[in-house]
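Undergrad: here's my sequence, what's the structure:
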Amino acid sequence: MGNMDFKKLASLCVQKYKNSLDNERERYVDTLFVAITEKDDVLCSKIPSILEQASKCVLIH
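TA: You can find the predicted model right below:
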């Protein structure tokens, strides 16, 4: 598998998640971006730029 642009993928996932919310009770609050590096360091941020150096990532809505 080649290099994945996690930042771009994360932006797409966040937008799709926002679009999937049907009513006022299901509102978007925030996303926590979790980057896992080659050395298995785990970094968390509310800013997607943290994913630029990630080898794996997790998004928490």
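
Undergrad: what ranges do the strands span in this protein?
TA: 32-36, 42-45, 56-60 (DSSP state E).

Undergrad: lowest average pLDDT across those strands?
TA: For those, mean pLDDT drops lowest on strand 56-60, to a mean of 90.

Undergrad: pairing partners for it, with directions?
TA: Applying DSSP bridges to the sheet, strand 56-60 is found paired with strand 32-36 (antiparallel).

Undergrad: who's in contact with the strand it pairs with?
TA: 6, 10, 42-48, 50-51, 53-60 (Cβ atoms under 8 Å, 6 or more residues apart in numbering). Using the backbone N, CA and C atoms, a C-beta is placed for each residue, glycine as well.

Undergrad: can I have the buried ones of the residues you listed as a PyMOL selection?
TA: A single PyMOL command selects the buried members of those (16 or more other Cβ atoms under 10 Å):
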select buried, resi 6+10+48+50+51+54+57+59
